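*Asks:* Need the 3D shape of this:
(chains A and B)
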Amino acid sequence: MLSGPRSRSFTLDRDGPPALSEWRKMGYMSLNVEHQSTRTLPSEKPIRLLDNAGHAVHGAATGGFELPGGDVLLDLYRKMVIARRFDVQVTALTRQGRLATYPSAYGQEACEIGGIAAIEARDWFFPTYRDSIALLTRGIEPGDILQSFRGDWHNGYDQYAHRCASQATPLATQALHAVGLAHAARLRHDPIVTMTYLGDGATSEGDAHEAFNFAAVWQTPTIFLVQNNQFAISVPLSRQTRAATLADKAVGYGMPGFHVDGNDVAAMYAVTRAAVERGRAGGGPTLIEGLTYRIEAHTNSDDPTRYRTARDVEHWKRRDPIERLEKYLVSEGALSEQIRAEITDAAEAVAAHTRDVMTTEAELDPLELFDHVYSRPRPALLEQRARLEAELADAAAAHGARSAGAAR
Amino acid sequence: MTAPTTEQAVPAASAPTQFTMAAALNSALRDAMESDDRVVVYGEDVGPLGGVFRVTDGLQERFGDDRIWDSPLAESGIIGTAVGMAMYGMRPVVEMQFDAFSYPAFEQMVSHVAKMRNRTKGRMSLPMVVRIPCAGAIGGVEHHSDSSEAYWTATPGLTVVMPSNPADAYSMLREAIDSDDPVVFMEPKSRYWSKAPLTLPVTTAPMDRAVVVREGTDVTLMGYGPTVRTALEAADAAAAEGLSIEVVDLRSLSPFDDETVGASVRKTSRAAVIHEAAQFGGYGAEVAARVTERNFHHLAAPVLRITGFDIPYPSPKLEEHHLPTPDRVLAALDTWEWDV
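*Replies:* Predicted coordinates for the structure are as follows:
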């Protein structure tokens, strides 16, 4: 079992284990279900369905996963192209000073899109600050995603409408929320899964450990998708772990782990999709590591020349996830000039829309600072609100007097 | 709220029964779970053991382990998963086994529990209760007697309350569980076995209000949790010497009830606050500052703080020297000039 499909000890049982209510009837403690022991290490060689030349991979390297169908691949391609155009546009707007900061996911599209495309509208997503393109793919308005990076408010979209939590900044903290929500859904017999994205650096955090462990003990339908882009800002993976792969960590928690080529969207989608189905069927959590690379800096305020070489970046640019799928689709005759033009137009439309909404300043009401802290107003906070209101009125009056003076 | 379901109360609806604070809290949890199936309880040893202080005694047997269960031993995990459960509409009531064991959860509390509602412009409230057995005087080894209330009260977005008696324990816990906002519910360990006659369910003053528990004319003496008893004992002793002390049980630490406290201070002109936590940067500093800011022209003397010393909590055989006593309170009041 050391070569090839080591990870296939976790075959997906379509029928799945019994529902929670069934366990109860059987007299099991539903929160401590007996589950299959999971002690097989993930393959050290990443699971891959398309190689860098765009050829379909066969044999052990696929980990037993099948290449998704043509429609799915074309859809993933379209989503990745649009996502990258958005990402490039937002980075440009940030350089123009329209956003306070923007953590780019350029180069990580296979992880970002392969993951988010694998869950359904009823499922919940727990993103980090780097996952704006996954939110875009989820259907959230660019202006709503970017409210936080523009500095208008810490979060700008409706969590419940999109079943997307706010983008977490403190590393790995959101993974516990994903576990808790999945557990609540399970107690209510709602067949949903939760998925959270983490970076390689985040796996060093205590909350990552606690989330992996709680999810495994409670058998929550949670997918932990670790985007190993090999740097936590400036610190390389070798300073985070001695594990051969981050997916290896899954074994210690008793859950399946998959080490995947994170620049192969076909593999990322297929592995995530299988994890979604297993989780929904009652099979518990899954840890997926996608091995990828961040082409851009951590954020616009970062200087990556201090910690990595241009040669390194060029190496990974030659492993571009979009080009890889494009080569495959072209070789299959699935990407006509007409489709290509249609996708380009759609991407340009998203970019133009993003430029429009980000070049329009939002009207902010400073008094709203007091309105959402508690569900019931507090007298002391109302006093402070009145103080700021008076300051704003004074400032407006002074401004009015200056304007009148200037007019004279 | 449905009809009373408390077994002790049913046969003796007209005759109150003696309840310890631990039993009152247990009844509050049971009645809340009975009336609202969104209420779930978890933490360390809360299941078959019933909690190390037996506050959850018998609840797993009654409700099953889909409603109350033992979680893995990890406080950040407990709070972080409770956030996710509250996001989905549950009302988790989680237990931090001891005050000092809550610190691994600090990041989740400060970065998410306190901020979620504001971050999401009120779209996402977190109706969760974090129960924290707190404070000392139980002969506990290190890390079992901390008073960490100021960490939580310094965090906007958290509601922080501490009952001092069984009736408030019941009523305030019910209100905390019903609240749409996250509540840090601090339970003074040394008062767990204090008794009072109760007929449950009982509704006392609202959770966000302080209460005058003994009227007086000369001094406003504020306490909360374990130090309310200290204040009452000091008031008894002072009365024998002709000094009339009004005792205010603060109950709600965040928000602070300026109205009730202000009315008392403007009547007595003198104020002092007692707590077990260290003095420097402690909760009493906020009390003294805001009482002074709002009532300076009514005050005849500076607001005093009678507190634990500015030291890490002592070992069991030395804790009696650390904790504020009625004698230390009266000695502090003696430092005021009384002839002005």
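*Asks:* how about the helices in the stretch 151-300 of chain A?
*Replies:* Using DSSP state H, counting those that start in this stretch, the helices found in the stretch 151-300 of chain A span residues A:159-162, A:173-187, A:206-218, A:249-253, A:265-280.
*Asks:* out of the ones you listed, which comes closest to residue A:118?
*Replies:* Comparing the helices of the stretch 151-300 of chain A by their distance to residue A:118 (CB to CB), the top pick is helix A:265-280, with 3.8 Å. The C-beta positions use only the backbone N, C-alpha and C, and glycine is treated the same way.
*Asks:* and that closest one with helix A:173-187, angle?
*Replies:* Helix A:265-280 runs at 40 degrees relative to helix A:173-187, counting by axes from the mean of the first three to the mean of the last three CA atoms, to 10 degrees.
*Asks:* which residue sits closest to residue 151 in space, ignoring its chain neighbours?
*Replies:* I'll assume chain A. Counting by CB to CB, 6 or more residues apart in numbering or on different chains, residue A:100 is the residue found nearest to residue A:151 once chain neighbours are left out, at 4.4 Å.
*Asks:* Not quite, go with chain B.
*Replies:* residue B:106 (7.2 Å).
*Asks:* is it true that that neighbour touches residue B:152?
*Replies:* No: in this structure residue B:106 lies outside contact range of residue B:152 using CB atoms under 8 Å: 9.5 Å.
*Asks:* The two: which has the busier surroundings?
*Replies:* A count of neighbours by other CB atoms under 10 Å in any protein chain shown puts residue B:152 above the other of residue B:106 and residue B:152, at 23 against 16.
*Asks:* what does the average pLDDT come to for the helix or strand containing the more buried one?
*Replies:* According to DSSP states H and E, residue B:152 maps onto helix B:149-153. Helix B:149-153 shows a mean pLDDT of 98.
*Asks:* Tabulate the CA atom coordinates of it in CSV.
*Replies:* Coordinates of the C-alpha atoms in helix B:149-153 are reproduced here as CSV (Å, rounded to 0.1, in the frame of the first residue of the first chain):
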residue,chain,number,x,y,z
GLU,B,149,-13.4,39.5,34.7
ALA,B,150,-11.4,42.5,33.6
TYR,B,151,-10.1,40.7,30.6
TRP,B,152,-13.6,40.2,29.4
THR,B,153,-15.1,43.5,30.5
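*Asks:* tell me what it is packed against?
*Replies:* If contacts are counted by 3 or more CB pairs under 8 Å, 6 or more residues apart in numbering or on different chains; DSSP states H and E, helix B:149-153 sits against strand B:159-161, strand B:252-254, strand B:271-278, helix B:283-295.
*Asks:* if we can go back for a sec, which residues does the residue nearest to residue A:151 contact?
*Replies:* Residue A:100 sits next to A:149, A:150, A:151 when contact means CB atoms under 8 Å, 6 or more residues apart in numbering or on different chains.
*Asks:* secondary structure class for it?
*Replies:* Following DSSP: H, G, I helix; E, B strand; the rest coil, residue A:100 is assigned to coil.
*Asks:* Could you report the separation of it from residue A:152?
*Replies:* 10 Å (CB to CB, to the nearest Å).
*Asks:* what would the helices of the stretch 151-300 of chain A look like in TSV with mean neighbour count and distance to residue A:238?
*Replies:* Output for the helices of the stretch 151-300 of chain A, formatted as TSV (neighbours: other CB atoms under 10 Å in any protein chain shown; distance: least, CB to CB, whole Å):
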stretch	mean neighbour count	distance to residue A:238
helix A:159-162	14	36
helix A:173-187	29	23
helix A:206-218	25	18
helix A:249-253	21	16
helix A:265-280	25	24
